[in-house]
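Undergrad: give the three-dimensional model of this entry:
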Amino acid sequence: MKGFNEPCSSDCTFIITFDTSSSNRSVNNLFKPVTGDGDTPAYTAKIVSTGIFGTGGQEKVKKTIIAYLVRSDYSPYSINVVEKITFKATTKGNTEIFGRENTDAGSIYAGYKGDNSISGPCTDVKSNHGIFIARGKINLPDSFDGTKLENVAQDCSIGDINIDEIITNAKTHKYGAITEVHSGVIKFVPEGVMNSWVDGPYYRAAIFTSNADGFNIFTAYVTNTYGHATLKLITDIYVSGSSSEDLKIIGIPEVRYQANHQGWWSGGEDPTREQSHISSSTRTTCIDLNGHSIYSDCNLKFGIDVIGKGRIFCAGNVNYVVGSNGSEIITACKGDLTIELSKTVMRNQAKGLYYAGGDINIKPFTNGSELWWQGDVEDHVKEIPGPYKGEAIKLKEPNDKEISIGKYIDPPPYYDSKLKLTIDPPPYYEGNGMIIKKHIDTSGNYKYIAEGSNDPNDNSRAPLELCLDYKSNKNISFGNYKIGIIPQAVPEEGPKTDRNFQVKFLNDYDNEISPQPDLSSFGITEEELASFASQIAYYYDFFSESVDININGTMGGKQNIIFEPGPYGNIHINFYPDYLNSIVNVQKKFFTVRKISCTEM
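TA: Model (predicted):
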């Protein structure tokens with residue numbers, strides 16, 4: 001449509017045109033960015049209206065008004081709720097609310113009109129001098145570095161996402177082919193009886209039962225010491241059922257159990273063939289959305305990590321586990337949304353939209369959860385993700401010697417021929433992450449094991465790399481060796497909190513190597529290695545009680561949002577407006593717009 005010329009009366013007319021050749025061009029950018037008009041942001045409409053008033057063919061008044069309208073399901077704030085925002089009390093943890101980047105200012109909005117509209121008695125709240133807006137009172141520590149706008153009159157809450165319309169369109173195939181599954185239980189279970197053991201680690205297989213349509217299981221057997229059992233979407237699915245029914249994904253503890261054996265056993269009576277159990281650890285269980293969507297009329301309860309890129313639209317409540325996932329997930333439900341953060345990941349990572357018609361609660365995944373099924377293996381494995389956008393996770397406690405997980409890169413200056421300037425790029429980190437396991441033998445003795453993280457595609461182990469920041473950013477690579485950290489007895493005299501460790505290099509089977517490699521071949525001293533060992537043990541135990549909430553996303557809801565990282569956990573939120581790219585193609589109707597400005601040209 002080029003526009004319209006609308007007479008209001010014989011003496012009054014207004015004109016709106018979308019003609020690109022017009023100097024008064026209007027732009028409909030509500031669905032996707034339009035090129036050629038730099039002052040109309042994505043998901044915004046610029047309406048230029050020229051009004052003409054006159055009698056008897058004589059023009060008397062001519063005025064042009066320009067207004068900007070934005071989609072109501074777009075939020076300019078990283079957190080945007082109708083009721084309260086609560087950052088639960090922590091002992092040591094901090095809260096950081098930033099923009100797209102960690103250097104950008106952050107902003108949030110809460111629509112509750114009473115006390116504690118935004119509250120957080122945590123130790124520190126940072127926003128890079130951002131703005132926290134509330135229709136009621138804001139209760140934050142004095143150290144808050146931003147601006148508080150309290151008792152504002154304007155309602156800035158995020159608009160509705162029409163979940164009923166989206167689910168109806170999906171199950172009637174308006175978005176394409178879809179597979180229907182029913183409410184019930186999908187369960188990870190061990191597969192039969194093991195026929196043989198061989199030297200080294202062995203995982204029992206995992207399969208799923210019931211509701212198999214739309215899923216595919218892989219990595220049933222893995223041969224390394226840290227593996228994944230993954231349920232993988234191979235198509236979009238529609239889950240039928242009532243609001244009182246659930247689709248639940250759980251397992252039994254044996255699925256996560258990994259046994260490390262020596263010897264060989266075939267089930268016979270031959271005494272020369274004996275099996276000897278050495279130690280145990282665990283593996284992760286996941287559902288990979290794999291670029292697909294789940295549309296559900298019943299509640300969704302996933303007691304496993306949700307990974308991959310995809311979308312979840314639910315007419316009821318949604319409750320699932322998040323570990324470390326750098327891919328975008330759109331989650332929108334009419335009921336409550338509960339995100340439980342896996343404590344097998346030292347720094348949780350999530351990305352996307354989190355929208356609920358009820359409350360949103362983000363907290364650690366523990367054995368008090370409705371979804372808990374993992375027995376006593378809760379804390380056997382923790383993963384530290386590798387550098388992200390050039391920034392690495394840093395360990396500093398308990399000895400105040402900061403290290404980074406990854407490799408430090410300081411690129412040299414270069415000359416830019418277009419700018420005709422010498423550019424000095426900033427340093428950054430790259431590389432893989434690290435896995436820390438706690439192996440417990442049959443006598444109850446234990447050791448920590450640090451190793452490079454695994455590639456989930458082929459289960460190969462990457463090199464273990466770190467940077468000693470406190471030693472002028474010295475890079476250390478242990479290659480494919482594992483580091484065994486063995487607690488020693490606490491001395492009878494002196495502080496009982498002191499812990500000493502014996503450090504040994506291990507092979508793929510977690511056994512000590514003989515002879516031990518020379519430390520000089522890694523460029524590390526005995527003192528530096530001992531410092532690293534104490535940090536690994538400290539952070540493993542530290543994060544057994546808490547989680548770090550790291551979300552690159554937008555969170556919006558019609559009720560409250562509560563962040564509960566635990567006594568020592570931190571909260572870090574970055575703004576992610578790009579979620580609308582995944583919404584516009586499914587929510588094509590019934591969204592509204594709100595005016596953000598209107599001026600006379």
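
Undergrad: quick one: the most centrally placed residue in the chain from residue 548, how far?
TA: Nearest to the geometric centre of the chain sits residue 350, at 0.8 Å (CA atoms, centre = their mean). Plainly put, residue 350 is 11 Å away from residue 548 if you go by CB to CB, to the nearest Å. Backbone N, C-alpha and C define where each C-beta goes, glycine included.

Undergrad: how about residue 294?
TA: Where residue 548 is concerned, residue 294 sits at a distance of 27 Å (CB to CB).

Undergrad: give me the more crowded residue out of the two.
TA: Shown here are residue 294 and residue 548; by other CB atoms under 10 Å, residue 294 has more neighbours (25 against 21).

Undergrad: could you list the buried residues of stretch 326-340?
TA: 327-340 (16 or more other CB atoms under 10 Å).

Undergrad: longest helix of this structure?
TA: Ordering each helix of the chain by length in residues (DSSP state H) puts helix 526-542 first.

Undergrad: average pLDDT for that one?
TA: Averaged across helix 526-542, pLDDT comes to 87.

Undergrad: re the thing from before, wait, doesn't the residue nearest to the centre of the chain sit right on residue 554?
TA: No. Residue 350 is not in contact with residue 554 according to CB atoms under 8 Å; the separation is 11.6 Å.

Undergrad: so where's the stretch 1-150 of the chain uncertain?
TA: Low-confidence segments of the stretch 1-150 of the chain (pLDDT under 70): 1-10, 32-38, 55-59, 89-91, 121-122.

Undergrad: how about the strands in it?
TA: Using DSSP state E, counting those that start in this stretch, the strands found in the stretch 1-150 of the chain span residues 3-9, 12-17, 27-29, 44-55, 58-71, 79-81, 85-87, 94-97, 107-110, 118-119, 124-126, 131-134, 138-139, 147-149.

Undergrad: would you list those in CSV and tack on distance to residue 563?
TA: Converted to CSV, those look like this (distance: least, CB to CB, whole Å):
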stretch, distance to residue 563
strand 3-9, 47
strand 12-17, 44
strand 27-29, 33
strand 44-55, 30
strand 58-71, 26
strand 79-81, 9
strand 85-87, 5
strand 94-97, 8
strand 107-110, 11
strand 118-119, 11
strand 124-126, 12
strand 131-134, 14
strand 138-139, 15
strand 147-149, 18
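
Undergrad: for residue 512, find the nearest of those strands.
TA: For residue 512, the closest of the strands of the stretch 1-150 of the chain is strand 94-97, at 39.4 Å, according to CB to CB.

Undergrad: got the contact list for the closest one?
TA: With CB atoms under 8 Å, 6 or more residues apart in numbering as the test, strand 94-97 has contacts from 78-79, 87, 102, 106-108, 120, 122-127, 130, 132, 563, 570-573.

Undergrad: could you rerun that using 6 Å?
TA: Strand 94-97 is contacted by residues 87, 106, 108, 120, 122-127, 570-573 when judged by CB atoms under 6 Å, 6 or more residues apart in numbering.

Undergrad: state the pair within those residues that is farthest apart.
TA: The widest separation within these (CB to CB) is 18.5 Å, between 108 and 123.

Undergrad: what about those two, which has more around it?
TA: Higher neighbour count among residue 108 and residue 123: residue 108, with 25 against 15, using other CB under 10 Å.

Undergrad: so what's that one up against?
TA: 77, 79, 97, 132.

Undergrad: and the closest residue to it other than its chain neighbours, what are its bridge partners?
TA: Excluding the flanking residues, the one nearest residue 108 by CB to CB, 6 or more residues apart in numbering is residue 79, at 4.0 Å. For residue 79, the beta-bridge partners are residue 108, residue 555 (DSSP bridges).

Undergrad: from the chain's centroid, how far away is stretch 286-299?
TA: Per CA atoms, centre = their mean, to the nearest Å, the displacement of stretch 286-299 from the mean C-alpha position of its chain is 16 Å.

Undergrad: contacts for that stretch, please.
TA: Contacts for stretch 286-299 (CB under 6 Å, 6+ apart): 167, 170, 183, 228, 230-233, 236-241, 245-247, 302, 304-317.

Undergrad: buried ones in that stretch?
TA: By neighbour count on 16+ other CB under 10 Å, the buried set for stretch 286-299 is 286-290, 292-299.

Undergrad: which of those sits closest to residue 449?
TA: Nearest to residue 449 among those: residue 286, at 21.7 Å, using CB to CB.

Undergrad: host element of that closest one?
TA: Secondary structure assignment for residue 286, by DSSP states H and E: strand 284-288.

Undergrad: now the element after that strand, going C-ward?
TA: strand 293-296.

Undergrad: paired strands for that next one, with orientation please.
TA: Next to strand 293-296 in the sheet, as set by DSSP bridges, lie strand 237-240 (parallel), strand 310-314 (parallel).
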